[in-house]
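Asker: Got a predicted structure plus its sequence, pasted below:
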Amino acid sequence: MASHVVTVTPAGWPEAARRAGALRRTLTTLIRFTRRKPFGALGAVIILTLLLMALFAEWIAPYVYDQQIPGARLRPPGRDFLLGTDNVSRDIFSRIVYGARVTVTVSFATVFLGNLLAAAVGITSGYFRGRYDIAVQRVVDAWQAFPALVIILSLLAVLGPGMLNVILSLSILVAAAASRVIRSATLSVVENQYVEAARALGAGHPRIMLRHILPNVMATIVVITSIGLGGIILAESALSFLGYGVPPPHPSWGSMLSGSGRTYMYIAPWMAIWPGVAISLVVFAFNMLGDALRDVLDPRLRGSHGGSVK
C-alpha cells in the first residue's frame, strides 16, 4: 500500500521568500555598483554619513553648537577636542556636526522645490510646444542671461537673510537651468507611440504628462538632482560666507569660514581648515555619485561606461 508524504508549508513562507529574493537582488545590485563605480560608492558613503550627522546631531556632537566651554579658547585639535575650539571656546566638531543639518536642509529642500518647478515648466513646455514653448523658453533665456550670484544677492537683499529665503532664492535659480534639460528629455518622450496611443484613447493632457511622460523623464531628474546638490551646497556656503545665509548662532560651514575663521587664520588655522574640508568632501561626494548615476541611468552611456548595473 503506497504511502503519501504531506508537506506542510508555513502560511507566510511565500511572502518571506519574496522578501528574501528582493533583499538578495538589492545586495547584488549594490555590490555590482560598488565594483563598477567605486568613486560613486565612496560618494554614497560620505552622503550617508552626512545624513546621519544631520539626523542624530544631538547624539553625535559632544556639545551644543553654541555652548561656550570654560577655559577652552583656541584649543588645537587633540584628545579633549577632536577638531579644536574657536575664539569663543566652542567645540568645532560639534559645530560642524550641527552645520551638516543646515547643509542637508537647505540643499535637499532647494533641490526638491527647484526640480518640482523645473519639471512643471520643462514637461509642459516640451509637451505642448508651439507658441507656449517659445514664450516659456524666451523667459528662461532671459532669466539665465543674468549672473547667478547677482540674482541671488538681489533676491536676498529684498527678502532678507534666513534659511527659508535662501531656499526660495536658490530654488528659482535651479529651476531655470534644470527646466531646459527636462524639456529636452520630454521632447524625445513625446514622440513615442505609447503617447500617441494614450492620446487616441482619449486620455487628457494631465494624465498623459503624469502617467506617461513624467516616469520616463524621472531618470533625468534624478541625475540632475544628484549632480546639482554639490553646486547648491557651494552656493549656500558662499552666501553664508558673505553674510546672506543662515543667521548666527546657527552654524553654517560657510559662515564658519568667514569672520573669525579668517581673523584667526594664522593663530588657529583649524578654525577655517575643517569647515573647508567638510564642504570639499560633501561636494566631491555628490559629484562622484551624480556621475555614477548618470552612467547607470542614461541609456546612451551604458555601452561606453561598462554597462548598466542590473
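Answerer: Ah, there it is.
Asker: Would you mind identifying the next helix or strand past the host helix or strand of residue 152?
Answerer: Secondary structure from DSSP states H and E places residue 152 in helix 148-159. Downstream of helix 148-159, the first helix or strand assigned by DSSP H and E is helix 163-190.
Asker: Give the closest residue to residue 189 in space, chain neighbours not counted.
Answerer: Closest residue in space to residue 189, ignoring its immediate chain neighbours: residue 216 at 4.7 Å, by Cβ to Cβ, 6 or more residues apart in numbering. C-beta here means a position set from N, CA and C on the backbone, and glycine is covered the same way.
Asker: Kindly report the same for residue 132.
Answerer: Nearest non-adjacent residue to residue 132, counting by Cβ to Cβ, 6+ apart: residue 125, 6.9 Å away.
Asker: which stretches of the protein form helices?
Answerer: 13-36, 38-55, 57-60, 92-128, 130-145, 148-159, 163-190, 193-200, 205-208, 214-242, 253-257, 260-263, 270-297 (DSSP state H).
Asker: With mean pLDDT and mean neighbour count added, can I get the ones you listed in TSV?
Answerer: Formatted as TSV, those follow (pLDDT from 0 to 100; neighbours: other Cβ atoms under 10 Å):
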stretch	mean pLDDT	mean neighbour count
helix 13-36	75	12
helix 38-55	89	17
helix 57-60	90	13
helix 92-128	90	22
helix 130-145	87	13
helix 148-159	82	14
helix 163-190	87	20
helix 193-200	82	13
helix 205-208	85	12
helix 214-242	85	21
helix 253-257	85	26
helix 260-263	76	16
helix 270-297	87	20
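Asker: Tell me the helices and strands packed up against the helix holding residue 152.
Answerer: helix 163-190, helix 214-242 (3 or more Cβ pairs under 8 Å, 6 or more residues apart in numbering; DSSP states H and E).
Asker: Relative to the whole chain's centre, how far out is stretch 98-114?
Answerer: Distance, stretch centre to chain centre, for stretch 98-114: 8 Å (Cα atoms, centre = their mean, to the nearest Å).
Asker: Offset the numbering so it begins at 410, please.
Answerer: Got it, first residue is 410 now, which makes that one stretch 507-523.
Asker: what's next to that stretch, contact-wise?
Answerer: Defining contact as Cβ atoms under 8 Å, 6 or more residues apart in numbering, one finds that stretch 507-523 is touched by 459-460, 462-463, 466, 470, 474, 572, 575-577, 579-584, 587, 634, 637-638, 641-642, 645, 655, 659-662, 665, 684, 687, 691.
Asker: at 7 Å instead, please
Answerer: 459-460, 462-463, 466, 470, 474, 572, 575-576, 579-580, 583-584, 587, 634, 637-638, 641-642, 645, 655, 659-662, 665, 691 (Cβ atoms under 7 Å, 6 or more residues apart in numbering).
Asker: on that earlier part again, mind checking which of the helices of the chain is nearest residue 489?
Answerer: helix 501-537 (10.9 Å; Cβ to Cβ).
Asker: Now stretch 479-491: buried residues?
Answerer: 481, 484, 490 (16 or more other Cβ atoms under 10 Å).
Asker: now, which of these sits nearest residue 543?
Answerer: Closest approach to residue 543 among the buried residues of stretch 479-491 (Cβ to Cβ): residue 490, at 59.7 Å.
Asker: Contacts only, for the closest residue to that closest one other than its chain neighbours.
Answerer: Nearest in space to residue 490, with sequence neighbours left out and distances taken as Cβ to Cβ, 6+ apart, is residue 484 at 5.1 Å. If a contact means Cβ under 7 Å, 6+ apart, then residue 484 has 490, 493, 494 as its contacts.
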